[in-house]
Every structure is written in structure tokens, then in C-alpha cells.
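**Student:** Sequence first, then the predicted structure:
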Amino acid sequence: MARAVTPQRKLINTGLAWAIGLLIFFPILWTILTSFKTEAQAIASPPIFLGFDWTLENYGVVMERSDYGRFLMNSIIIAGGSTILGLIVAVPAAWSMAFVPSRRTKDILLWMLSTKMLPAVGVLYPIYLLFIQLGLLDSRAGLVVVMMLINLPIIVWMLYTYFREIPAEILEAARMDGATLKEEVLYILTPMAIPGIASTMLLNFILAWNEAFWTLNLTAVNAAPLTAFIASYSSPEGLFFAKLSAASTMAIAPILILGWFSQKQLVRGLTFGAVK
Amino acid sequence: MHLSNALRAATALSLIMVGAAQAETITIATVNNGDMIRMQGYTDDFTAKTGHEVEWVTLEENVLRQRVTTDITTKGGQFDIMTIGMYETPIWGANDWLVPLNDLSAEYDVDDILPAMRNGLSHDGTLYAAPFYGESSMVMYRTDLMEAAGLEMPTAPTWQFIREAAAAMDNPAEDINGVCLRGKAGWGEGGAFITVTGNSFGARWFDEDWNAQFDQPEWKAALDFYVSLMNDYGPEGYATNGFNENLSLFNQGKCGMWIDATVAASFVTGDDSTVADHVGFALAPNAEGVEKRANWLWAWALAIPAGTQKEAAAKEFIEWATSKDYIELVAAKEGWANVPPGARTSLYATPEYQEVPFAQMTLDSINAADPTNPTVKPVPYVGIQFVAIPEFAGMATEVSQEFSAAYAGQQTVDEALAKAQAITNEVMEAAGYR
Amino acid sequence: MATKASRSAARLMMGPAVILLLGWMLVPLIMTLWFSFRTYLPLRGGDQGWTGFDNYVRFVSSSAFWPAVQTTLVIVLGVLVITVCLGILLAILLDQPMWGQGIVRILVIAPFFVMPTVSALVWKNMFMDPVNGLFAHLWRFFGAEPVSWLSDAAMPSIIMIVSWQWLPFATLILLTAIQSLDSEQLEAAEMDGAPHLKRFFYIILPHLSRAITIVLLIQTIFLLAIFAEIFVTTGGAFGTRTLSYLIFQRVLESQNVGLGSAGGVYAIILANIVAIFLMRIVGKNLDN
């Protein structure tokens, strides 16, 4: 689809795009670089870009101080669990909205989105009390459910818009051929919907991974994910830029890597029906 | 619920059968300050001595406060030990939310705790939290710069002298600020500092009838002095500087003086400091003719929330962490300058510790602080850099935000004081004090 | 079109999602409403009984209320304008033929993967610190006085941090939309000699309107609730106290759950006003 352009034009495009891309990426790059410096080099004036003595010391200190593996595991379980649970609930709902629309479908969708507008901090006490009653404090199960509920409106909407792109004629043709509802979903819809489902999963995973209010306030030890890990490095006595950078890098690296490998999927499905 | 009752009964039964020495895993919420991080490193020593395991929940100060307060007020039971301060302890103790620490062992020697700390962590004479370390505030200054300026720091300087010294040491060409002070919004940050500054100018938060006093001339004098001192000789952007930022500035050699927590003394004379060999100490200043100095009093202390199932193990931990033995353990491994200060009288009687340059000044500063009489005029409250009522944290944070806006030049001192007065009276009315 | 059977099947399939969300919305909402009519002070013995509309009156009459509403709207609007404008330009640029398109795209979307807490910490400490921050070094290098970003320019700083986080999202959606634009149509316009600006306003922009709507809607929902960025950087000082931050101060710092709950109710009302407003302006774009 690439349009033919003059080499000069392509060169200019390339230069400009790379410059902007690097500028946007720079804060992350700088954090990663700083994590390999000593504390003194991290605040050196003028700042050192690459010519410093690379050290893994900060990572060593962070690993020794906190059980990174457990935080990471909890993040994966909470983000992954809520994503899977969310899909189980959302796929049927989105399917029925897309293929059996009624007058109220759009209202229901907008209402679902509006549930996201309740400010989290306003309901901290009610939810905390509820969690005590249910014995869910500091449990992964509790957080999986909360994360699922928080992101459910977005998942339903994203899937709904994706499902709607699937031409109804195909379904009708299948029905004519005598396909049952089950067959219709299993053999026709699902394969066509996989790109949309994949990117929905990714977006949900990212949102759940980065959520920092409930994951911090409803956990202590057993369910504490990487957001709690960061909270133990965020403002120590003294400015430990290098250690903070190391902890930050460790908190964002897994999701960054996942995002990079799957960015094609994400781009393809992240349309919210914006493409016609 | 039935199940947990049955479990509790079973646990109780097994306790009786096995005896008290059952290994438990206790959960401790703590702040990510250097001394606590060090304590985590020595957890193995505790486990070896008692058999109990420890799970740490380490959080930065603001998140920790929010987390433990939510948990204690709702009786969430997430933690067996909480690290709290001198502000929370009497309030929580009064609500019976903490286990009284009145049956500590004889070898723990509870009478060895510094009287000021013990008073501040008690309610109605009962100790509710054991101090892990305690602090007051004092002047830390650069001896080399003072010498170059031809000045000598008295042991008990006045604010006027501080201004004089700041003027003499201030050197923008060399990137040296005369004085670095906290200006960051937050009741425990700039709020604490301006409150003790106020005390040292004769100001107070409330009169005896809980009327806000920000409309009084003492507050105006204090704030005017602070703002003009900092605008003339303070660092760029001081309105966002808290303890951390100032520590870093001082360690980088960018401050002539820094008035802050006494615990900072071990950092500015430690390995991370570029000026470690040139630091002197003096008592926090006062305005000429005002009896009270800008000395605050604070302790980070360990407390046991009422209702925990592991009270016995938690007490064992507290006895371990705040004991003389722990201090000796740290001294043996990392030197006397790094032991948690300000908690025990015996520490200051130890000959090795007396050689630490800041030891005596720290003790004198702590002894100069009197939480029951924080200011010259009488007040209805306890606490020096805070007022020990539940409403204080919220309103002092808002008040200090107004002050910080004045430091940043976004409003005048008079505007900030007027807003502070309104905010404070509004809160006190809502809480039914007036 | 749809049969009766498939209709009831559809209802059945929608059931779990609707019921769960209804629960998730109603349980906290009812609890918030309940608490908002009560004097609930956790540090003073908890729930102390009915208080009528006192909390509502007090919350609104506080001097902090209207500035907080204004701050909220300024942040939401500021971030929306920046991310949509830059997002369109960036999407057009990324759509052009170039070398290493995939890598550039990765670089551009990376901020979206960074936790808000981490991004706020990185910006605050390593870039905006007036002494050791990279900006301060840069300013000094050019002989300028370093700026105290988070006090002297607190709002622009926060808007910038949040925009950095959300620009990738806007760019991604807009880019997908642009890529679906019929290139023949564009080429035809190019042949006709239509100038760049004209092409942009008459072909590209109308084509993007639906994608822009989506970006506005989704970002607004998330932006109304931003919290970590303010908590980490200014703590609500220097005019950066949003409505949700004000509620945080009432509930957690002042430990007044009743008052904070009343604030929560106001926040829901504000969010819905914004949502309705948004729907009116852009809602048509959502219809097919």
C-alpha cells in the first residue's frame, strides 16, 4: 500500500519520524540508562549519556531488598486472570449486542462506560469494608475480580465494535446451510474475531498491569503486584535516582517487552470501530 | 465466620498444648527510610533468635500512612505490626486500636526509653508504640564555609544570626545557597517546618478555645521572615523541596546551612556526602527574645494493632527491634554512627557513641522539645510540629499547600495566611470544636 | 431479522456482563450515597449517624470546590487537545513511506506501557527537578535560569506528563484510521493538484472524525480519574488539585468519609455532565 514517493521525500520522512520517535521514547531510555549508573553518576553535572561505568549494582540491591519474583508473579496473575475472566464475560455480551442488536443496545453500552466514572478513591472505604466481610483483602482472587470489573466496559465495547465489522451476510449464509448457533460461534465467528480478541486482551492486560489504586490499597503481602513494589522505592531518604531507575525498569520491562512483540496485534485491533 | 472461630479455637488449643513458643509469620508494614531498610536486612537475626518469620510490606511514607490508617480504622487486620509516628500513636491509642505495651520484659528495660519519646508515644500514661528511632530538629552547617566567611556558629543561634550566616555563605557563582529549608506542601514536610518556625516566633495554631491563630502578628512575622530568608539565600524551587531534596542538595555541597531532622546528621556525615568532613551542628534557632526554639519531636515507632492473632510474636519482634541488643548489633556491623538514634537513654551514655560528632547535639535537641508546651503562649493541644487531633493531617496539608503557593510567589504571605485561617476554622467548626 | 430464540439467547449471553457491572456500579454507588448522608469519621469512632445534606453543602461551599472543578476540566481539555492534535500529525507522519517504520512505531507507543506512577516519578525526579533534572541541565547549558517546573508551571507540567502517557493511544487509533483511508482517493486529489492543506481538511480530517470521537470519549473517561500523576508530583499543591484529588484529601487525609462520599457523588454528576456534553457534540459520529 506504500505510495511511491521520491527518495528525498522518504529520507525526510524517515529523519523526522525517527527524531520524534526517539524524543518520545527518550524518558524511558534515560531511565534504563540511569539504572546502570552509580548513584553519583546518576546526578552528575553535566549529565553523562553513555560514557559511564556500566554497573549492575542497583539491580543487585533491589533484588536483595525485595522479592521481585513474587511481585512480578502477582502482576502476571492479576493482569492475566482479570483478562481471561473479562473475556469469558464480555465475549457473549459483545456478541449478542453486535448480532442481535435491539433499541437499547447503544444505551446499555454507554451505561457500561459510565460505570467507569465513579471516582475510585470515593469508594475506597465501602469497598475495603466489603472486602473485609468477604475475606478478600490481600487475595489475588479479589483483585482479579476488581480489575476485571474495572476494565469490563472497555472490553465489551472494543469487542462489540470489532464483532460488528464481521459481515452479517456470512452468518446468514451459514444459517442457510443449517449451522447451529454453536457452530456459528465456534467455526465462523471465532476465527474471524481472533485479531480483535487478541488486541482486546492486550489492552486489558496493559490497563490491569498499570492500575495503581486498587492494587495498592487492597493488598499487603500475598497479592501485592509491581505497583506496590514501586511504592517501596518511590521516595526514600535521599535521592537514589539510580536505584529508582532500576526498580522502575524492572516494573515496566515485562509489559514493555510484551507490548513490543505484540504491537502489530494491538494496532490491528485497537480501532474501537473507528475504521469503516 | 464459624470456620474462622473454629480455627481460632483450634489455634488456641494447639497453643496451650504445644506451649507458647510456636513459630509464626508476622506481617510488618513499614516506611522505606534507611534505618528500616537496614532493619529488614537483619531479619535473619530475629528469626534465628525466636523462630518467627517476617513478611515486610515496605512503602513510601504517604502511601504507608494511607494504607495503615485505612486498615486500622476498618479493622482490616492486614498487619501484625505497623510503623507509625508520634502523631498517630496517641490518637489510635485513645481509640483502643493498639495493643498497650505495658508488659514488656524486664531485660527490655522500658524505663531506658528517652522520657520525651515515651511521653509522646503514650496515651494516659500507657505506652502504645515502641520508638525505633527518634528525632528532633537542629542546624547542620558547613564548617569550612563558615570559617571562610569569618563567622562562628554559636551552639544556640537566633534566626537573625542564621540570616546573617546565610548572607555570608550564599555564593551563586559557586552554586552554593546560604540556607536550605523545607518548603514542600504536606503536613509532615514543609508543614512541620513552618509550624516549628512559628513556635520559635511565638506563634501557635490555636488559642485555648480552638480558634485558629493565623491572623495573629506572630504568624505573619514568622512567615515573612521565612519567605524573605529563602527568597534571598535559598535554592531555586525551594517550594517543592522536602527532606529528600534538601538532603541531596546538602550532600552535593550546595547548602551552607540546613535546618532539619537530627537523623539527617548520619547521612550528611556518611559515605554519600561530599561534605562529610565539614559539617557542624547547632541547636535549632529562635527569634530574639522568644523562649521556644524551632525544635520538633518525632519518633518512628512500632505498634501492634488490636485484634491481631499474633500478638505474642509481634511483641517479641518489637522487643527485638527496639532493644539495646539491636543497637549493639548494628553498631558491631556498621559502626556506631549508623545505629538508630534518639530512642534510648543508655545509647547516649555509651562511650563509643559519645564520640559520634552529632550525638550530644541530637540529645540536647530532643531534650529541648516539650510536646505539652510547644509554644510560649498556652495551647489546648499536645504536639510540637503537629496538633494531635484526627483532623490535623488533612487541614495542615491544605494550609501548607497555601504556604507553598506563597513560597513560589503565586500569592502573598497575607493571602496565604488569610486562607490558612479560613481553612482551619472551617475544619474546626465541622469537627465541632467551636 | 433476528428470531425470537436468538433474542432470548442474546439476552442470556448479555446477562453476566450486565449483572456484574450493575453490581459493581450499584453496590459502591449505594454505599457512597449512604455514607454521604452520614457523619462518618473513621478516626472519631466511625459512623455517627444521619446528617442530612450537611456533607453536600459543606463540600460545595468549601473554597476548594470550584477551583478543583476548573482544574479537572483544564487538565482533561488540555490533554485532549494536545494528544488529538499531535496524534493526528504523528499518525500522518507515521503513515508516510519510510525506513524502519516498525521500530519508529514501537518507540512512539512505548509510553503507553509505562505505569502512571513510574512515569510521574521519572518525570518529576529525572527531568523536572530544578537542580538535578535533565531540563535544569539543558536550561543551564543554554545559559538560562532553570525552571522550577512543579511549582512555577505545575499545571502545564502535569498536562505534559499525562499527554506523554496518552499520546501513543491517540496516535495508534488515528493511525489505524488513516491507514484505512483509500489511497486512490488521496492520489487522485494529489494529481488534481489539491494543496496539502486542502487535502488535509477535506479528505483526511473528515475521514478521521469517527476515530477522533473514540479517542475523545475513551481518554475523557480515564482522564477524569487521573490521580497517581498528581499524588506523586505536586500532592495537589500549586493549583493542581482536581476533583478526585480533593475527594482523596477529604477521605484519606482528613479522614472524613461522609464528606468525601458527598464529593464522590458530585464527581459522578460532573462526569456524567461531561459525558452527555461529549455525546451531544460527537455522538452523531458514533451512529452508523
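**Tutor:** That came through, no problem.
**Student:** Quick check: whichever residue of the stretch 151-288 of chain C sits closest to chain B vs C:Glu229, distance?
**Tutor:** Nearest residue of the stretch 151-288 of chain C to chain B, counting by C-beta to the nearest C-beta: C:Ser254, 2.7 Å away. C-betas here are computed from N, CA, C, even on glycine. Separation of C:Ser254 from C:Glu229 (C-beta to C-beta, to the nearest Å) stands at 22 Å.
**Student:** Please look at the residue of the stretch 151-288 of chain C closest to chain B and B:Ala430 and confirm they touch.
**Tutor:** No. Taking C-beta atoms under 8 Å as the definition, C:Ser254 is not a contact partner of B:Ala430, at 9.1 Å.
**Student:** With neighbour numbers in mind, choose between those two.
**Tutor:** Between C:Ser254 and B:Ala430, counted using other C-beta atoms under 10 Å in any protein chain shown, C:Ser254 has the larger neighbour count: 24 against 20.
**Student:** got a list of what the closest residue to the more buried one other than its chain neighbours touches?
**Tutor:** Spatial nearest neighbour of C:Ser254, chain neighbours left out: B:Gly394 (2.7 Å); criterion: C-beta to C-beta, 6 or more residues apart in numbering or on different chains. Residues counted as contacts of B:Gly394 (C-beta atoms under 8 Å, 6 or more residues apart in numbering or on different chains) are B:Val427, C:Gln249, C:Arg250, C:Glu253, C:Ser254, C:Gln255, C:Asn256.
**Student:** Among the residues you listed, which one has the most neighbours?
**Tutor:** Neighbour max across the contacts of B:Gly394 (other C-beta under 10 Å) = C:Asn256, 29 neighbours.
**Student:** Near the residue in the stretch 151-300 of chain B positioned nearest to chain C, how many other residues are there?
**Tutor:** Closest to chain C within the stretch 151-300 of chain B is B:Gly237: 2.9 Å, counting by C-beta to the nearest C-beta. By other C-beta under 10 Å, the residues close to B:Gly237 number 24.
**Student:** OK, contacts around the closest residue to it other than its chain neighbours?
**Tutor:** Take B:Gly237 and drop its neighbours on the chain: the residue closest to it by C-beta to C-beta, 6+ apart is C:Ser148, 2.9 Å away. Going by C-beta under 8 Å, 6+ apart, C:Ser148 touches B:Glu236, B:Gly237, B:Ala239, B:Thr240, B:Ala408, C:Pro130.
**Student:** which residues of the stretch 151-300 of chain B fall in helices?
**Tutor:** Secondary structure of the stretch 151-300 of chain B by DSSP state H, counting those that start in this stretch: the helices cover B:159-169, B:190-200, B:217-233, B:243-251, B:264-268.
**Student:** Backbone dihedrals for B:Val57, please?
**Tutor:** Backbone torsions for B:Val57, taken as degrees, to the nearest 10, come to phi -120, psi 100.
**Student:** Count the neighbours of it for me.
**Tutor:** B:Val57 has 23 neighbouring residues, counting by other C-beta under 10 Å.
**Student:** Kindly report the same for B:Ala106.
**Tutor:** As a burial measure, B:Ala106 scores 6 neighbours (other C-beta under 10 Å).
**Student:** if I look at it, how far off is chain A?
**Tutor:** Counting by C-beta to the nearest C-beta, to the nearest Å, the separation of B:Ala106 from chain A is 33 Å.
**Student:** same deal with B:Gln22?
**Tutor:** Noted for B:Gln22: a distance of 20 Å to chain A, by C-beta to the nearest C-beta.
**Student:** Ok, C:Leu134 next?
**Tutor:** C:Leu134 sits 6 Å away from chain A, taking C-beta to the nearest C-beta as the criterion.
**Student:** One more: B:Ala314?
**Tutor:** Taking C-beta to the nearest C-beta as the measure, B:Ala314 and chain A are separated by 15 Å.
**Student:** Identify the residues contacting that residue.
**Tutor:** Counting by C-beta under 8 Å, 6+ apart, B:Ala314 touches B:Ile26, B:Asp80, B:Ile81, B:Val99, B:Ile304, B:Thr308.
**Student:** Can you name the residues of chain C that neighbour chain B?
**Tutor:** Within reach of chain B by C-beta under 8 Å from any C-beta of the partner chain, chain C has these residues: C:41-46, C:58, C:62-64, C:129-132, C:145-146, C:148, C:150-152, C:231, C:234-239, C:241, C:249-250, C:252-256, C:259.
**Student:** who touches the residue of the stretch 151-300 of chain B closest to chain C in this structure?
**Tutor:** Contact analysis of B:Gly237 by C-beta under 8 Å, 6+ apart lists C:Pro130, C:Val131, C:Pro146, C:Ser148, C:Leu150, C:Ser151, C:Asp152.
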